[in-house]
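Asks: The sequence and its predicted three-dimensional model are supplied below.
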Amino acid sequence: MLECPDDRQAKYLSVTAPEFEALRRRFREDGVVKLTGALDRDRLDQARACYDWSLEHPGPYGHGGGWLEGGTQTFEDKANPVAAAIYQGFLKHGPLAKLAAGLWGSDDIWFMYEQVFRKWGACRRTPWHQDSSYLAIDGNHLIVFWFNFAPVPKSESLEFVRGSHRGPLYNGSTFNLDDPTEPLYPGGQLPRLPDVDGAPGDWDIVSWAVEPGDVIAFHPAVLHGGGATTDAIADATTDANMDAKRETLSLRFFGSDATYATRPGPCGPRVAGLHKSLNHGDPFRHPAFMKLS
């Protein structure tokens with residue numbers, strides 16, 4: 001166990017061990033931290049190669065890609081069953097697994113799955129939600145690393161309610177933009193999502209501008225939403241100005257205290273037979289998940 005973080009983690013961020021300890025404490029209390037410069041140019045290039053592979057080889061859960069009214073295009077894919085083998089070099093030799101272990105204070109870490117996003121044009125904001133509502137996993141040793149390949153201003157970055165991972169687990173959002181708190185699961189087993197946008201002053205909201213190489217690390221139970229992207233492409237029907245507005249890679253990991261958790265309806269990670277081999281509260285283990293340390 002890593003009772004005290006040391007230079008093994010701090011060196012990746014060019015911070016001292018005490019400064020990393022402060023990050024570790026904030027992650028535990030707030031559920032989210034910004035890791036400035038966590039990926040150097042070489043590691044960012046490796047991540048970009050993985051991201052590009054995902055764009056070129058969409059898996060069974062990929063969707064989007066067509067132009068929408070108003071000159072907007074979005075694409076998302078996640079949990080491609082082939083992706084782990086492609087991402088393996090970056091995951092095992094890059095800093096993210098080691099940073100996660102340091103933030104948790106544990107040496108054991110497994111890769112859960114990747115998620116890629118690509119947006120062109122002006123997109124409405126992503127409604128507030130908790131990733132844990134859609135995941136069959138609980139625990140303190142859970143983390144999502146979110147980073148971009150171009151600068152993202154604070155106004156268009158992810159927003160988080162600090163400390164909300166220590167509060168209730170809410171029902172999932174259907175991402176209905178006309179009713180962003182519309183419950184995903186019937187039956188009322190989980191409370192309905194709060195209307196954070198309706199009274200933002202009632203919530204301790206934090207967000208950051210990010211540059212390439214910066215990584216936002218958060219617990220999947222933290223309430224979060226995405227700022228709207230505002231700069232539309234000049235001509236979405238031609239090849240002119242086709243640079244993506246936002247290209248994002250999100251990577252999920254879990255550690256030794258993670259347990260299998262049932263939800264009111266079907267949820268991920270989407271691994272065949274997972275729900276048949278584990279009961280609620282069992283250690284979250286399955287050979288489909290790559291162990292990194």
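Replies: The structure has been received and is ready for your questions.
Asks: Which stretches in this protein count as strands?
Replies: Secondary structure of the chain, counting by DSSP state E: strands at 32-35, 63-68, 72-78, 109-120, 126-129, 137-138, 142-148, 158-161, 205-207, 215-218, 224-226, 246-255, 259-260.
Asks: which stretch in those is the model least sure about?
Replies: Averaged per stretch, pLDDT over these is lowest on strand 63-68, reaching a mean of 58.
Asks: before we move on, back to that, to R192, which of the strands of the chain lies closest?
Replies: Set against R192 and scored by C-beta to C-beta, these come closest in strand 126-129, at 11.6 Å. Every C-beta, even on glycine, is put in place using the N, C-alpha and C of the backbone.
Asks: so what secondary structure elements neighbour that closest one?
Replies: strand 224-226 (3 or more C-beta pairs under 8 Å, 6 or more residues apart in numbering; DSSP states H and E).
Asks: what residues does the strand it packs on touch?
Replies: Contact with strand 224-226 is made by 32, 125-131, 156-161, 196-197, 218, as judged by C-beta atoms under 8 Å, 6 or more residues apart in numbering.
Asks: Buried ones from those residues, can you make that a PyMOL selection?
Replies: Buried subset of these, written as a PyMOL selection, criterion 16 or more other C-beta atoms under 10 Å:
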select buried, resi 32+126+127+128+129+130+131+156+157+158+159+160+161+196+218
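Asks: do you know which of the strands of the chain lies nearest I86?
Replies: Comparing the strands of the chain by their distance to I86 (C-beta to C-beta), the top pick is strand 109-120, with 9.1 Å.
Asks: Any buried residues in that closest one, and which?
Replies: Buried residues in strand 109-120, counting neighbours by 16+ other C-beta under 10 Å, are found at 109-120.
Asks: Show the average pLDDT along stretch 42-57.
Replies: Stretch 42-57 shows an average pLDDT of 97 in the prediction.
Asks: Need the buried residues of strand 109-120 in JSON lines (columns: distance to V82).
Replies: As requested, the buried residues of strand 109-120 are exported to JSON lines (distance: C-beta to C-beta, whole Å):
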{"residue": "I109", "distance to V82": "21"}
{"residue": "W110", "distance to V82": "18"}
{"residue": "F111", "distance to V82": "14"}
{"residue": "M112", "distance to V82": "15"}
{"residue": "Y113", "distance to V82": "12"}
{"residue": "E114", "distance to V82": "11"}
{"residue": "Q115", "distance to V82": "15"}
{"residue": "V116", "distance to V82": "13"}
{"residue": "F117", "distance to V82": "19"}
{"residue": "R118", "distance to V82": "19"}
{"residue": "K119", "distance to V82": "24"}
{"residue": "W120", "distance to V82": "26"}
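Asks: For G268, state which of these is nearest.
Replies: Checking those against G268 by C-beta to C-beta gives Y113 as the nearest, at 7.6 Å.
Asks: Leaving out chain neighbours, which residue sits closest to the closest one?
Replies: Computed as C-beta to C-beta, 6 or more residues apart in numbering, the closest residue to Y113 that is not its neighbour in sequence is A79, at 4.1 Å.
Asks: Quick check, the one you found in contact with S54.
Replies: No: between A79 and S54 there is no contact under C-beta atoms under 8 Å: 10.7 Å.
Asks: returning to that earlier point: please name whichever of the strands of the chain is nearest to L274.
Replies: Go through these one by one with C-beta to C-beta and the one that ends up closest to L274 is strand 259-260, at 7.8 Å.
Asks: could you measure the spatially closest residue to L274 that is not a sequence neighbour against H57, distance?
Replies: What sits nearest to L274 in space, not counting adjacent residues and going by C-beta to C-beta, 6+ apart, is H286, at 5.7 Å. To H57, H286 is 23 Å away according to C-beta to C-beta, to the nearest Å.
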